[in-house]
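>>> Sequence first, then the predicted structure, then my questions.
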Amino acid sequence: MTKDKVLESLKKVLYFPKGTNVVELGMVDRLEVSDKKVSFALVYPQANDTNAHIVKDAAERTLKTDLGEGVELVIETLSEQQAGRGPLGKVKNIIVVASGKGGVGKSTVASNLALALAKTGSKVGLLDADIYGPSMPIMMGLKGVRPGAIEEDGKTKIVPIEKYGIKMLSIGFFIEEDKALMWRGSMASNALQQLFNDAVWGELDYMVLDLPPGTGDIHLTLVQSVPVTGSIIVTTPQNVALADVRKAADMFKNDSIKVPILGVVENMSYFTPAELPNNKYYIFGKGGGQIVANELNVDLLAQLPIVESIAAKSDLGEPIVLEESSPISATFIKLAEDVKKKVDARNEEMEPTPIVQIDPNASCST
């Protein structure tokens, strides 16, 4: 057996969404041939490709027919990102910041977390995936700014905007500020795909995604398109917010999604007047974030107080984490450090990508 013979055989295996064979599409990677053993990876454009098992079965049958029933096959299934290919191929970790309902400060947490990760020495990207309510142009002081574009491999690619040491994209960079975005779910999902796949993200340690509130098309598109490292859920202490948080958490724990929850951030935890720095007033209730963290068996990563400067700085396009003298800045830095530890621990505990070992004596129809 030789690599050329294996590739000739695999040219008979079609990837139907593209209408041609897996060899011409460059889907065959890490091919190794020795004696009667053949091992390789089939690389798909996206994680959880619904055609993966069909292509794998076809590859097994074809190789056994052409090379003999005694051939030992080891086939690995990878996404382009896992294989180090495509626009997200150099993105090591993808973290989503989510909430069950709007108005809990999710975008504030996402933007400040991204900047805090950068301040701790990481290469960071921030993608505003809140298609219907993008806030990054305002919060990052980028109103009216438009991303650039370059030609790459004959295609026009979006160049993320760089500011405060991170790379950023938002649908808000492409639409008029005062115009309503009246898109159906499929259009919104396609727009999000473009922000991922048609952009030059380059090498990143972390990509932070600011999700829209709720559990809808955007969320499903995201988890089915990219390998998410983990999620952070933002809530406020009151019961109505906690009820929606439980729904968001249930989505991430769903068997078809299975995105690890790294922890909970409780925003608007309490109010401390400037003239009474030792007093805490729990305007929206007390302990709600800890309750839901305990229910989910995860850590309460941070409790953020109600502070006027957080909102004021966001309106000015200068996130509070940039103000080093602020105690809130220190809170976000600690949050970033804790998130990095959890991501590192998760990556160490993760099992290797499953490899399908084919019994040489098994039927080729398995």
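Yes, it's here. Numbering: from 1, shown residues only.

>>> wait, Val240 sits on Lys101?
Yes - between Val240 and Lys101 there is a contact at 7.5 Å, judged by Cβ atoms under 8 Å. (Glycine included, C-beta is placed from N, CA and C.)

>>> Looking at these two, which one has more neighbours?
Lys101 (19 against 12; other Cβ atoms under 10 Å).

>>> Show the pLDDT at Tyr164.
We have a pLDDT of 95 for Tyr164.

>>> Work out for me the element the nearest residue to it once chain neighbours are set aside sits within.
In this structure, Tyr164 finds its nearest non-sequential neighbour in Leu115, 5.6 Å apart by Cβ to Cβ, 6 or more residues apart in numbering. If you go by DSSP states H and E, Leu115 is part of helix 106-119.

>>> packing partners for that helix?
Applying 3 or more Cβ pairs under 8 Å, 6 or more residues apart in numbering; DSSP states H and E, one finds that helix 106-119 makes contact with strand 91-98, strand 124-128, helix 136-139, strand 166-170, strand 204-210, strand 230-235, helix 308-315, helix 327-349.

>>> Pairing partners for the fourth one, with directions?
Translated: strand 166-170. Using DSSP bridges, strand 166-170 pairs in its sheet with strand 124-128 (parallel), strand 161-163 (antiparallel).

>>> how about the last one: buried residues?
The neighbour-count criterion (16 or more other Cβ atoms under 10 Å) identifies Ile161 as the buried residues of strand 161-163.

>>> swap in stretch 40-60?
For stretch 40-60, by 16+ other Cβ under 10 Å, it's 40-47, 49, 52, 55-56, 58-60.

>>> Check stretch 196-210 too.
Buried residues in stretch 196-210 (16+ other Cβ under 10 Å): Phe196, Asn197, Ala199, Trp201, Leu204, Asp205, Tyr206, Met207, Val208, Leu209, Asp210.

>>> how about the first one, secondary structure?
What DSSP: H, G, I helix; E, B strand; the rest coil gives for Phe196 is helix.

>>> I'd say it and Leu88 touch.
Yes - if you go by Cβ under 8 Å, Phe196 and Leu88 touch, sitting 6.4 Å apart.

>>> okay, and the common contacts of those two?
Residues touching both Phe196 and Leu88 by Cβ atoms under 8 Å, 6 or more residues apart in numbering: Val226.

>>> so where do the strands sit in the stretch 1-150 of the chain?
In the stretch 1-150 of the chain, the strands defined using DSSP state E, counting those that start in this stretch lie at 14-15, 20-21, 28-34, 37-44, 72-79, 91-98, 124-128, 148-152.

>>> Let's test this: mean pLDDT of the third one, rounded?
For strand 28-34, the mean per-residue pLDDT is 92.

>>> rewinding a little: could you export the helices and strands packed on helix 106-119 as a markdown table, including distance to Asn267?
Below are those laid out as a markdown table (distance: least, Cβ to Cβ, whole Å):
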| stretch | distance to Asn267 |
| --- | --- |
| strand 91-98 | 11 |
| strand 124-128 | 18 |
| helix 136-139 | 15 |
| strand 166-170 | 21 |
| strand 204-210 | 14 |
| strand 230-235 | 6 |
| helix 308-315 | 9 |
| helix 327-349 | 11 |
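
>>> between the ones you listed, which one is nearest to Pro273?
Pro273 lies closest to helix 308-315 among those, at 10.6 Å (Cβ to Cβ).

>>> Give the buried residues for the closest one.
Buried positions in helix 308-315, judged by neighbour count with 16+ other Cβ under 10 Å: Ile310, Lys313, Ser314.

>>> And the residues you listed, which is closest to Met187?
Nearest member of the buried residues of helix 308-315 to Met187, counting by Cβ to Cβ, is Ser314, at 28.2 Å.

>>> any idea how far Pro327 is from the closest one?
17 Å (Cβ to Cβ, to the nearest Å).

>>> Please name the residues that touch the residue nearest to Phe252 when sequence neighbours are not counted.
Closest residue to Phe252 apart from its sequence neighbours, by Cβ to Cβ, 6+ apart: Val259 at 4.4 Å. By Cβ under 8 Å, 6+ apart, the residues touching Val259 are Val96, Val223, Val228, Gly230, Ser231, Phe252.

>>> Wait, Tyr270 touches Gly285, no?
No - contact criterion Cβ under 8 Å: Tyr270 and Gly285 do not qualify, at 9.8 Å.

>>> how about the helices in the stretch 151-300 of the chain?
185-197, 217-225, 239-253, 288-296 (DSSP state H, counting those that start in this stretch).

>>> Pull out the buried positions in the third one.
Looking back up the chat, that one is helix 239-253. Ala241, Leu242, Asp244, Val245, Ala248, Ala249, Met251, Phe252.

>>> and of the residues you listed, the nearest to Ser189?
The closest of the buried residues of helix 239-253 to Ser189 turns out to be Met251 (Cβ to Cβ; 15.7 Å).

>>> so how far is Pro227 from the closest one?
Met251 is 17 Å from Pro227, by Cβ to Cβ.

>>> Ok, Ser170 next?
22 Å.
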